[in-house]
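**Q** Got a predicted structure here, sequence first:
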Amino acid sequence: MKVIILALLVCPLLCAAENAKPTALMAGKVGTGRTIFLEATVSASPADVFRLWTTVDGVKKFFAPDARIDATPGGRYQIIFFPSKDPEGTSHGTKGARVLKVVPNREFAFEWITFAGDDIAGQNAPPSAPPAQRNAQPLPTWVELSFEPISGQLHQTHLKFSRHGFGEGELWDRSYHWFERTWKGVLDQLTNYCQNQNHA
């Protein structure tokens, strides 16, 4: 009996320590202190908001016209913004980005590409960079999302967003400021979509 009780006490501690370890997927990722933090209240359950970020069908509703997503650790998170001109997201999408963390209905993390591959999209894309910098492996920046239920509100989610790993220099500065505006717009699109669904 004592062995069972001891196992019940020790197991959660070991499991928590295991979950706290950095994974191989985070190799090469550096917290630079240059992070975009955003929050939003979304009129949908955590499970529904999680699904919008982790499925192709969900992403198409608020984020981008196409995607290739395998929502498992190490799976691809390939967002395609200009499917007719760039069908694989090679220059203006996230081809090569991977899913980093999945805790169903609670947490989701994925890599993100910081620069465009060319200037054809103008102000509708971040600044462009040479392929070696744009496609550096491992990709230096990543996004972390958490989905928290709001107490007493059945279909409300507190979404926390953070984008980590921005470097230093003029090109990085331009990208940081571009994404600061753009990610806020993405969260606005998400909240508007969910709000409209509730009134449909």
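**A** Yes, it's here. Source: prediction; values computed, not measured. Numbering: from 1, shown residues only.

**Q** Now the terminal residues of stretch 99-107, how far apart.
**A** Using CA to CA, to the nearest Å, the gap from the first to the last residue of stretch 99-107 comes to 11 Å.

**Q** Flag every buried residue along it.
**A** For stretch 99-107, the neighbour count (16 or more other CB atoms under 10 Å) marks Val99, Leu100, Lys101, Val102, Asn105 as buried. In short, each C-beta sits where N, CA and C put it, glycine included.

**Q** hey, where'd the strands end up in the chain?
**A** All strands of the chain, identified by DSSP state E, fall at 36-42, 66-69, 77-80, 99-103, 107-112, 141-150, 153-164.

**Q** Not counting the third one itself, show me its contacts.
**A** Counting contacts by CB atoms under 8 Å, 6 or more residues apart in numbering, the residues outside strand 77-80 that touch it are 59, 63-71, 86-89, 93-99, 110-111.

**Q** what sits against Ile113?
**A** Counting by CB under 8 Å, 6+ apart, Ile113 touches Gly93, Thr94, Lys95, Gly96, Ala97, Arg134, Asn135, Leu139, Thr141.

**Q** Adding neighbour count, distance to Leu52 and pLDDT as columns, could you present those residues in a markdown table?
**A** Formatted as a markdown table, the contacts of Ile113 follow (neighbours: other CB atoms under 10 Å; distance: CB to CB, whole Å; pLDDT from 0 to 100):
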| residue | neighbour count | distance to Leu52 | pLDDT |
| --- | --- | --- | --- |
| Gly93 | 24 | 18 | 95 |
| Thr94 | 22 | 17 | 97 |
| Lys95 | 19 | 21 | 95 |
| Gly96 | 19 | 23 | 95 |
| Ala97 | 20 | 18 | 97 |
| Arg134 | 19 | 27 | 93 |
| Asn135 | 15 | 27 | 90 |
| Leu139 | 21 | 22 | 94 |
| Thr141 | 25 | 21 | 97 |
